[in-house]
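Visitor: sequence unknown, structure follows:
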């Protein structure tokens with residue numbers, strides 16, 4: 001969207017913006033498309049994000065063990081371990 005769609009042309013010239021006159025970004029009672037996030041919702045999202053981060057770190061540790069370079073002396077097997 002363009003600035004001229006939100007601000008009157010005479011106000012745009014001087015750079016004035018009046019939030020009270022802004023009808024686009026104000027929440028209307030009959031508008032059911034916008035979801036109102038509560039603190040409970042935000043806290044739940046924060047916990048979900050932290051849980052995903054923890055699971056990702058655990059997965060990275062496991063993959064490092066599974067696919068890591070074997071240390072000398074370990075019986076890694078394979079073709080050259082005779």
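Guide: Right, received. Where do you want to start? Keep in mind it's a predicted model, so treat the numbers as computed, not measured.
Visitor: okay, now the unreliable bits of this structure?
Guide: 1-15, 34, 73-82 (pLDDT under 70).
Visitor: which residues in it form helices?
Guide: 9-14, 39-67 (DSSP state H).
Visitor: in JSON lines, list the ones you listed along with distance to residue 31 and mean neighbour count.
Guide: C-betas here are computed from N, CA, C, even on glycine. JSON lines is the format used below for the helices of the chain (distance: least, Cβ to Cβ, whole Å; neighbours: other Cβ atoms under 10 Å):
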{"stretch": "helix 9-14", "distance to residue 31": "25", "mean neighbour count": "10"}
{"stretch": "helix 39-67", "distance to residue 31": "18", "mean neighbour count": "10"}
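Visitor: make TSV from those and add distance to residue 23 to it.
Guide: Formatted as TSV, the helices of the chain follow (distance: least, Cβ to Cβ, whole Å):
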stretch	distance to residue 23
helix 9-14	14
helix 39-67	26
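Visitor: show me the one of those helices that comes nearest residue 22.
Guide: Residue 22 lies closest to helix 9-14 among the helices of the chain, at 11.3 Å (Cβ to Cβ).
Visitor: closest to residue 27 out of the helices of the chain?
Guide: The closest approach between residue 27 and any of the helices of the chain, judged by Cβ to Cβ, belongs to helix 39-67 at 16.0 Å.
Visitor: so what's the residue count around residue 24?
Guide: Neighbour count for residue 24, taken as other Cβ atoms under 10 Å: 7.
Visitor: swap that for residue 21, please
Guide: 12.
Visitor: do residue 22 as well
Guide: 11.
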